[in-house]
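Visitor: Sequence and computational prediction follow.
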Amino acid sequence: MNEPDVPVAVFAAAVEPRAKASSYPQPFAARMAGREKRALGDWFGLTNFGVNLTTLQPGAFSALRHAHSQQDEFIYVLQGHPTLVTDAGETPLAPGMCAGFKAGSGDAHHLLNRTEQPVQYLEIGDRSPADSAQYPDDDLQAAWIEGRWYFTHKDGTPY
């Protein structure tokens, strides 16, 4: 049941963007410039999975290229033409296309906006406890502990 002051339905664009652009430590957080997330799942108090309406401005990307150990992820493109980058290479996407990333596959992925127009998509992921993420292109790894990401270098030293 929704909280009394939370409407049953809203226009997704009316949900305020996250105040903090990224939970990555520096210098990685600065690389998320041009990305805006509206936490739709949080708006409704969802706890089993998250839903974000994400906008990438020209030149922006969705995240550092990563793979989750426990979390399944799914994206659905609403607007624009992002490029999906996975271990297999690059795949151009268009509105109406979707992609899924199975937990534990090790296939690192992210989206890039190489166009002159904004890209908008829905991203959905579960909130699996004990999740971790590997970043093959960066000296970074992450662990999901008690509802937040903890980041370390690949050798385990904290940021």
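Guide: Thanks, I have it.
Visitor: State the phi and psi torsions of residue 12.
Guide: Residue 12 adopts backbone torsions of phi -60, psi -40, taken as degrees, to the nearest 10.
Visitor: Distance of the nearest residue to it once chain neighbours are set aside relative to residue 77?
Guide: Leaving out its chain neighbours, the residue that sits closest to residue 12 by Cβ to Cβ, 6 or more residues apart in numbering is residue 53, at 4.7 Å. No exception for glycine: its C-beta is placed from N, CA and C like everyone else's. Using Cβ to Cβ, to the nearest Å, residue 53 is found at 12 Å from residue 77.
Visitor: same deal with residue 111?
Guide: Applying Cβ to Cβ to residue 111 and residue 77 gives a distance of 9 Å.
Visitor: And those two? Which one has more around it.
Guide: The neighbour comparison of residue 111 against residue 77 (other Cβ atoms under 10 Å) goes to residue 111, with 25 against 20.
Visitor: which ones are touching residue 68?
Guide: 101, 103-104, 125, 128, 131-133 (Cβ atoms under 8 Å, 6 or more residues apart in numbering).
Visitor: Cheers, nothing more for now.
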